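A.B. asks: what follows is a predicted structure for the sequence shown.
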Amino acid sequence: MLRAGSGSTFPTNAKFTTIRFPGWAERPSLVPLLISILLSSGPDTLIELRYFLAGLLILFFVGLWDDMQPVSPLIKLLGESVPVVLITFFNRIPLHEFFPGHEWIIQIEWPVTLFMSFWIVNAFNLIDGINGLAGSIGILALTGMAVLGDPVMYQLSYAFAGALLAFLFFNFIRPRIFMGDCGSLPVGYTLAFGMSHLCFHEQPGLPADEPFIVLALMIVPLFDMFRVFVIRIYYGKNPFKGDRNHLHHLLLESGMSHVKATSILAGLSVLTTALVWMSFHIGLSGNSAYFAAFLSLILPSSLFTGLLWSKVRKIRTFQ
């Protein structure tokens with residue numbers, strides 16, 4: 001979390017302009033969250049979260065390092081690897097439950113969980129490009145995970161969502177502090193942990209739609225990262241080199257303010273989640289429900305992006 005005022009420069013590849021911030025990141029910003037978790041969690045919960053908390057601290061300092069002195073994407077990925085491996089080693093997405101009778105699929109559960117965790121962590125890092133966006137999407141996803149999850153996720157999600165809510169008070173309407181990598185990486189890491197934990201420790205209330213709802217809550221950053229990486233690779237560019245083709249950049253280019261762009265993308269997350277939930281509660285079952293949920297997951301973001309890009313292309317044509 002960075003405070004406006006002096007010193008270091010926020011990465012220009014994520015912004016339209018270069019803005020000056022203080023030379024030191026808000027290092028105490030993680031302390032209230034950790035205190036909240038320690039006070040609200042029992043010994044058993046803390047023991048279960050020990051690897052997550054260790055990884056959270058590692059990622060915080062990786063992000064702090066990048067905020068103070070930008071590092072290459074490879075170095076950042078190496079810094080993320082230990083925390084991500086820690087959470088995926090003890091939690092995995094049970095793919096065999098979606099494909100019963102195919103025992104071989106158990107062998108790829110850990111690699112798939114590892115890939116998804118890296119995707120989520122970096123997607124939230126990349127979505128932190130305008131005021132309030134990463135915080136708003138993070139609150140929505142964490143609140144949803146708290147509702148779906150067991151007591152471990154309930155305590156962790158609400159503690160983190162409360163910290164983000166306080167952060168948004170100073171970041172959204174009249175921004176005075178900014179998240180930075182030392183904020184966005186821990187948010188993405190917490191959501192990656194929540195995804196793997198909820199899927200692995202499946203709750204009896206929502207056995208079928210839970211994984212889809214978790215993905216729907218995070219669809220905006222996940223879809224946006226996938227989209228920009230495909231575009232960069234298609235045009236022969238380095239997929240890790242930043243540009244201004246993210247959805248929030250396109251919304252700003254279309255003439256919207258930071259507040260309106262953030263509100264629209266947060267609304268897209270809510271709409272997608274509602275459609276996915278409806279797919280499992282309108283009388284469909286089995287493969288039909290899964291297919292409807294898959295379409296509900298990808299179509300809203302795809303249609304929205306198509307309409308937005310059409311508008312931006314017209315603006316660029318007449319400039």
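C.D. replies: Looks like it arrived, so ask away.
A.B. asks: residue nearest the centroid of the protein?
C.D. replies: Nearest to the geometric centre of the chain sits residue 124, at 3.7 Å (CA atoms, centre = their mean).
A.B. asks: double-check that residue 186 belongs to a helix.
C.D. replies: Yes. Judged by DSSP: H, G, I helix; E, B strand; the rest coil, residue 186 forms part of a helix.
A.B. asks: number of nearby residues for it?
C.D. replies: For residue 186, the count of nearby residues is 29 (other CB atoms under 10 Å). To be clear about C-beta, it is placed using only N, CA and C from the backbone, and glycine gets the same treatment.
A.B. asks: list the contacts for it?
C.D. replies: 30, 56, 59-60, 63 (CB atoms under 8 Å, 6 or more residues apart in numbering).
A.B. asks: per-residue pLDDT of it, please?
C.D. replies: pLDDT for residue 186: 90.
A.B. asks: coming back round to it: out of the contacts of residue 186, name the ones that lie in helices.
C.D. replies: 56, 59-60, 63 (DSSP state H).
A.B. asks: circling back: excluding residues flanking it in the chain, which one is nearest the residue nearest to the centre of the chain?
C.D. replies: residue 188 (3.2 Å; CB to CB, 6 or more residues apart in numbering).
A.B. asks: pLDDT at the residue nearest to the centre of the chain, what is it?
C.D. replies: Reported pLDDT for residue 124: 92.
A.B. asks: what ranges do the helices span in the chain?
C.D. replies: Under DSSP H, the chain gives helices at 31-40, 43-48, 50-68, 73-90, 109-127, 133-148, 151-169, 181-200, 210-217, 219-234, 247-253, 258-279, 286-317.
A.B. asks: most tightly surrounded among these?
C.D. replies: Neighbour counts (mean count of other CB atoms under 10 Å) averaged over each of the helices of the chain peak at helix 181-200, with a mean of 27.
A.B. asks: thought residue 280 was touching residue 209?
C.D. replies: Yes. Using CB atoms under 8 Å, residue 280 is in contact with residue 209, at 4.0 Å.
A.B. asks: circling back to that earlier point, surely the residue nearest to the centre of the chain and residue 179 touch.
C.D. replies: No. Between residue 124 and residue 179 there is no contact under CB under 8 Å: 9.6 Å.
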